[in-house]
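Chemist: Sequence first, then the predicted structure, then my questions.
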Amino acid sequence: MATKKTDVPESASAQDGLGLTDAELAAARKEGAKEDAKEAAKDTHRFLTDGQNLGDNQPDRWLGSDEVMQYAPTLDLSVEDFEKRINGKDDVDLPEEKIYGLLKLERSGQNRTPYVKAMMKRLGLKKEDLPAGGPSYTNDLTSVSDL
């Protein structure tokens, strides 16, 4: 009786038809282990930072700034009195989130330069940090003449 001769593959991957050598298979396992370690490190970092990664949206710094309508009459004060009020030199102490709310209100309304600048200075904001709502310019209130 004739026997059929079959070749025995060198690795298990050859049986699957992938044709990987033992060295390639070991390298692939090593890469998979590296990827698993990276994912585990990301999960650990996310857990330790309360879910906030560097590229993620940060929580709102000015939480509560939208509830500012009871402070809206502050914007009707003169510039000098307004600066005293927001800098705490008056009898009323305004929290920073309310000043930011007033800034949003001013930017969406009259957008007057001295008021916007006073609030930016008080909050330590730059031009890029201004809230949306108004145009990129502010309305200058300086007198053109003495009239």
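Modeler: The structure has been received and is ready for your questions. Model, not experiment: these values are computed from the prediction. Residues are numbered from 1 along each chain as shown.

Chemist: just so I have it, where are all the strands in the chain?
Modeler: Ranges of strands in the chain, per DSSP state E: none exist.

Chemist: quick one: low-confidence parts of it?
Modeler: 1-17, 50-59, 147 (pLDDT under 70).

Chemist: and it, what are its domains?
Modeler: Domain segmentation of the chain under automatic domain parsing yields 21-56, 69-127.

Chemist: what's the most buried one of those domains?
Modeler: domain 69-127 (a mean of 16; mean count of other CB atoms under 10 Å). (Glycine included, C-beta is placed from N, CA and C.)

Chemist: Ends of that one, what's the gap?
Modeler: 24 Å (CA to CA, to the nearest Å).

Chemist: Would you reformat the domains of the chain as TSV and include distance to residue 136?
Modeler: Formatted as TSV, the domains of the chain follow (distance: least, CB to CB, whole Å):
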stretch	distance to residue 136
domain 21-56	27
domain 69-127	9
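
Chemist: So which of those domains is nearest residue 143?
Modeler: Among the domains of the chain, domain 69-127 comes nearest to residue 143, with 12.4 Å by CB to CB.

Chemist: what's near enough to touch the closest residue to residue 135 other than its chain neighbours?
Modeler: Nearest in space to residue 135, with sequence neighbours left out and distances taken as CB to CB, 6 or more residues apart in numbering, is residue 111 at 7.0 Å. Counting by CB atoms under 8 Å, 6 or more residues apart in numbering, residue 111 touches 134-135, 137-139.

Chemist: Surely residue 131 and residue 105 touch.
Modeler: No - if you go by CB atoms under 8 Å, residue 131 and residue 105 don't touch, sitting 9.4 Å apart.

Chemist: Which of the domains of the chain sits closest to residue 146?
Modeler: Taking CB to CB, domain 69-127 is the member of those nearest to residue 146, at 18.2 Å.

Chemist: Off-centre distance for the closest one?
Modeler: Distance of domain 69-127 from its chain centroid, counting by CA atoms, centre = their mean, to the nearest Å, is 24 Å.

Chemist: any idea how far residue 68 is from residue 45?
Modeler: Counting by CB to CB, to the nearest Å, the gap from residue 68 to residue 45 is 36 Å.
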